[in-house]
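**Q** I'd like to go over a predicted model; first the sequence, then the structure.
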Amino acid sequence: MSTTRQPQPGDIGPEPDDAVPPSATSDGRVRTLALSGASGVVPLARDFTRQALHDWGWLPAETADRRAAAEDVLLVVSELVTNACLHAEGPEGLRVSCSSKVLRLEVADRGSGQPAPRTPHRAGRPGGHGMFIVQRLCLDWGVVRTPGAAGKTVWAELAAPA
């Protein structure tokens, strides 16, 4: 499921913002959070996403399936932001958007690297599990780059609970 293609018009998720860094605004079922220069960005991103899930009715979860879906979203946010911290000169921002079928997470960073699951994946070894987790939990994921601009946006899409 991992991919580095740009989403095409009509794909299941919303179109990217052409890698414009997110700001600290919110609009309906789209939330953005600036992370550049912030401390404690992983818990900050999780708390921000948890609040969005609460506002959108994912939490408190009424069933085990809905609770698992929300926990998957929070885990993927943690992994994407952690990867930006460890491998991409830090995250610039987080964008969370939700439709009736898909929740999309986008983490903008300043890095030039290409995220990929470590292969072969070895469950018993410490580290290197982030993108493997993202690949396993998400419908799709990829990278958007703006030509001539530094950095990238790593996006991931998860199914909305039924």
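**A** Arrived safely, thanks for sending. Worth saying up front: this structure is predicted, and the values here are computed from it rather than measured. Numbering: from 1, shown residues only.
**Q** Using CSV, write out every CA atom in the stretch of helix or strand residue 135 belongs to.
**A** Element membership for residue 135, per DSSP states H and E: helix 130-137. Taking C-alpha atoms only, helix 130-137 is exported to CSV below (Å, rounded to 0.1, in the frame of the first residue of the first chain):
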residue,chain,number,x,y,z
GLY,A,130,7.3,3.8,11.9
MET,A,131,6.5,3.6,8.2
PHE,A,132,5.8,-0.1,8.4
ILE,A,133,3.1,0.8,10.9
VAL,A,134,1.8,3.6,8.7
GLN,A,135,1.7,1.2,5.7
ARG,A,136,-0.2,-1.5,7.7
LEU,A,137,-2.8,0.8,9.2
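**Q** quick one, helices of this protein?
**A** In the chain, the helices defined using DSSP state H lie at 41-55, 64-87, 130-137.
**Q** who does the last one touch, helix- and strand-wise?
**A** Spelled out, it's helix 130-137. Other helices and strands packing on helix 130-137, by 3 or more CB pairs under 8 Å, 6 or more residues apart in numbering; DSSP states H and E, are helix 64-87. Where you see a C-beta, it was placed from the backbone N, CA and C, and this is true even at glycine.
**Q** give me the beta-bridge partners of the residue nearest the centre of the chain?
**A** What sits nearest the mean C-alpha location of the chain, by CA atoms, centre = their mean, is residue 105, with 3.3 Å. When bridges are called by DSSP bridges, residue 105 pairs up with residue 96, residue 156.
**Q** Pull the number of nearby residues for the residue nearest to residue 159 when sequence neighbours are not counted.
**A** Counting by CB to CB, 6 or more residues apart in numbering, the nearest residue to residue 159 once its immediate chain neighbours are dropped is residue 139, at 5.8 Å. For residue 139, the neighbour count with other CB atoms under 10 Å is 15.
**Q** picking up where we left off before, lowest-confidence stretch among the helices of the chain?
**A** Of all the helices of the chain, mean pLDDT reaches its minimum on helix 130-137 (a mean of 90).
**Q** buried sites along that one?
**A** Within helix 130-137, the residues that qualify as buried are 130, 131, 132, 133, 134, 135, 137, counting by 16 or more other CB atoms under 10 Å.
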